[in-house]
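>>> just a sequence and a predicted model for now, questions to come.
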Amino acid sequence: MTLAAKSALGFVSSALLAGTTTAVVRPSPEEPRTISKLISSTRPDRRLLFDGYQKKSDGSQEVWKFAWQKYRNDFASGSSNPFSLSITTVDNAPAEFRNACKKLFSEQVLNTEDEKYTWGIEYCTRPTLVSDWIWGQGYEVVSDQGGEWNTLWNTLWNKYKTNNFWQITDSTSNDQAPQAFKTKCKDEANKAQGNKNDVSVTRVIDFCSKKRTN
């Protein structure tokens, strides 16, 4: 029973004791929501897959290829598939499949019990990464290209090495950021993480990132 329903019943009980009656206020029915909004609000560990992810629009990204392979394998028996697609053996996720996901995101459902919501989770999303959370908070991992970034990397390295919680074996007596540190930052940023408050997110923001400008 929801809090609103409990409160309503409590109010009715009090009114009856006082010799009066009142109607129970019933909770309002569930409002339809788009699948994209429902996934975003209920599954922080998943992100919607769209064309243009990683600046590619050909379905060659590993996450798109994985999603397509899963869909293809799940419906390889020849039975009808939910997106009514032609099941082919191409590795890259075809445009037909990617467009079906895009269309699905705009459809409305009542709750997470709807099978279309499940299709969205299973075939049209990818794991949320640490980099997604830091991007949402206005940061991005520092690039290792260009001279100006070397200064920033060195600043972050000198801030980091007092604790060395990632156990980087390069000498911490050196003020120059080692490649192992930069690599570790990128690896940590690319790890799956469903909790924006996890320490892994905080560490990448504090020791590997800069404020983004876009």
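Looks like it came in fine.
>>> the helices in the protein, which residues?
Listed in chain order, the helices found in the chain under DSSP state H are 3-17, 35-42, 62-74, 95-105, 115-123, 130-136, 147-160, 179-189, 199-208.
>>> distance to residue 53 added to those, as CSV?
C-beta: built from backbone N, CA, C; applies to glycine. Below are the helices of the chain laid out as CSV (distance: least, Cβ to Cβ, whole Å):
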stretch, distance to residue 53
helix 3-17, 39
helix 35-42, 15
helix 62-74, 7
helix 95-105, 10
helix 115-123, 15
helix 130-136, 11
helix 147-160, 24
helix 179-189, 15
helix 199-208, 20
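>>> wait, what's in contact with the residue lying closest to residue 196 once chain neighbours are set aside?
Spatially, and ignoring its direct neighbours in sequence, residue 196 is nearest to residue 133 (4.5 Å; Cβ to Cβ, 6 or more residues apart in numbering). Listed by Cβ atoms under 8 Å, 6 or more residues apart in numbering, the contact set of residue 133 reads 193, 196, 201.
>>> quick one: mean pLDDT over stretch 195-214.
Averaged over stretch 195-214, pLDDT sits at 96.
>>> err, stretch 75-95, not the other one
90.
>>> run through who's touching it.
58-60, 64-65, 67-69, 71-72, 74, 96-97, 100, 104, 115-116, 119, 123.
>>> any idea which of the helices of the chain gets closest to residue 51?
Shortest distance between residue 51 and the helices of the chain, using Cβ to Cβ, is found for helix 95-105: 5.6 Å.
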